[in-house]
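A.B. asks: Fold the following.
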Amino acid sequence: MNGAMIRIGLLVVVGVAAVVFYAMTFVVQQTQSALVLRFGAVRSVVTAPGLYFKLPAPFEQVTLLDNRILDLDLPAQEIIASDQKRLVVDAFTRYRISDPLRFYQAVNNIPRANSQLASIVNGNVRSVLAEASFTSMVRNDRARLMNRIRDEVNREAARFGMTVVDVRLRRVDLPAANSAAVFQRMQTERQREAAEARALGAQQAQEIRARADRESTVIVAEAQRRSDEIRGQGEGERNRVFAEAFGKDEEFFTFYRSMQAYEASIKAGDTKMVLSPDSPFFRFFNGPNAPRPEGQAAPAAAPAPARP
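C.D. replies: Here you go, the predicted structure:
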């Protein structure tokens, strides 16, 4: 009986000791810092990880804070840029608790810190971007503007024991209504440029066609002139050959000229001629050696060949 009571007593003592040990110790992780509060006042700040002792509640309490980088998404807000354009800005920031004591005394906890920091970031985003144009925000000076906002926010956040690691402009855009108007204006501008390009193309095409027509006329005229020269040379050569043929054989030349006259006079179809049967026109109908009718003069000599 006494043995059982002793064992029970030992168990009670061990249990009480365990409860007291648990109530008088706390563990700080690698990613944490701790504030030991005695009746609500900060007694000590613990930043190194490990096992620590304190008085049991309600004499002392421990508040743990996260040392890691924390994210804060900000709601989109409208601002007016230096070029008087209304813009929708969507930003976010990353920060960490750099001074646990000041952080606890200023904002006490993470939700209140987020609210305070959001107000600071929004105010600085509005003031910094109000001095910049829309083009500089989206093209040229985006990084410089974000760094400037971060530095301005850091100066104010230091009062609350926080260090801002980064501030990013996730989106800088025109409002939906303005975007539609800008799109319409851009579309109109592109249509105007397209019309100007088409008009310029039509003008250039007309100039090219006119130049081609002019060159074609010149080429045709030059070809015609050259053709006339060659034709004249051919006619001259023809007359020269005829003259030589007439000088060598008058009867052959007479026969050749009569054949040309027959060919020109007697055509296929309805050809009618009223001539005397003994007309010199029918001389060679009796054969190529038919005698010259009496009283018919010798054929005139062929014209002299033209000199080219």
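
A.B. asks: Find the nearest non-adjacent residue to Ile120, please.
C.D. replies: The spatial neighbour of Ile120 that comes closest, neighbours along the chain excluded (Cβ to Cβ, 6 or more residues apart in numbering), is Glu156 at 4.9 Å. Yep, even glycine has a C-beta here, placed from its N, CA and C like the rest.

A.B. asks: in what helix or strand does the one you found lie?
C.D. replies: helix 142-157 (DSSP states H and E).

A.B. asks: chain center to that helix: distance?
C.D. replies: 32 Å (Cα atoms, centre = their mean, to the nearest Å).

A.B. asks: Any stretches of the stretch 51-200 of the chain with poor pLDDT?
C.D. replies: Where the stretch 51-200 of the chain drops to pLDDT under 70, the residues are 177-182.

A.B. asks: now the strands for the stretch 101-250 of the chain?
C.D. replies: For the stretch 101-250 of the chain, applying DSSP state E, counting those that start in this stretch gives strands covering 162-173.

A.B. asks: what about the residue positioned nearest the centre of the chain, distance to Gln184?
C.D. replies: Closest to where the C-alpha atoms of the chain average out (Cα atoms, centre = their mean) is Arg190, at 13.0 Å. Distance, Arg190 to Gln184, by Cβ to Cβ, to the nearest Å: 11 Å.

A.B. asks: How about Val107?
C.D. replies: 47 Å.

A.B. asks: and the two? which has more neighbours close in?
C.D. replies: Ranked by neighbour count (other Cβ atoms under 10 Å), Val107 and Gln184 place Val107 first, with 20 against 10.

A.B. asks: I figured Ala76 was touching Val88, is that so?
C.D. replies: Yes - the pair Ala76 and Val88 qualifies as a contact (Cβ atoms under 8 Å) at a distance of 5.5 Å.

A.B. asks: The nearest residue to Arg43 once chain neighbours are set aside sits in which helix or strand?
C.D. replies: Sequence neighbours aside, Val36 is the residue nearest to Arg43 in space, at 4.7 Å (criterion: Cβ to Cβ, 6+ apart). For Val36, the element it lies in under DSSP H and E is strand 32-38.

A.B. asks: picking that back up, show the contacting residues for the residue nearest to Arg43.
C.D. replies: Shown in contact with Val36 (Cβ atoms under 8 Å, 6 or more residues apart in numbering): Val42, Arg43, Ser44, Val45, Val46, Tyr52, Lys54, Glu60, Gln61, Val62.

A.B. asks: Turn those residues into a markdown table, including secondary structure and distance to Ser258.
C.D. replies: A markdown table is the format used below for the contacts of Val36 (DSSP: H, G, I helix; E, B strand; the rest coil; distance: Cβ to Cβ, whole Å):
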| residue | secondary structure | distance to Ser258 |
| --- | --- | --- |
| Val42 | strand | 145 |
| Arg43 | strand | 149 |
| Ser44 | strand | 147 |
| Val45 | strand | 141 |
| Val46 | strand | 142 |
| Tyr52 | strand | 146 |
| Lys54 | coil | 150 |
| Glu60 | strand | 151 |
| Gln61 | strand | 147 |
| Val62 | strand | 144 |
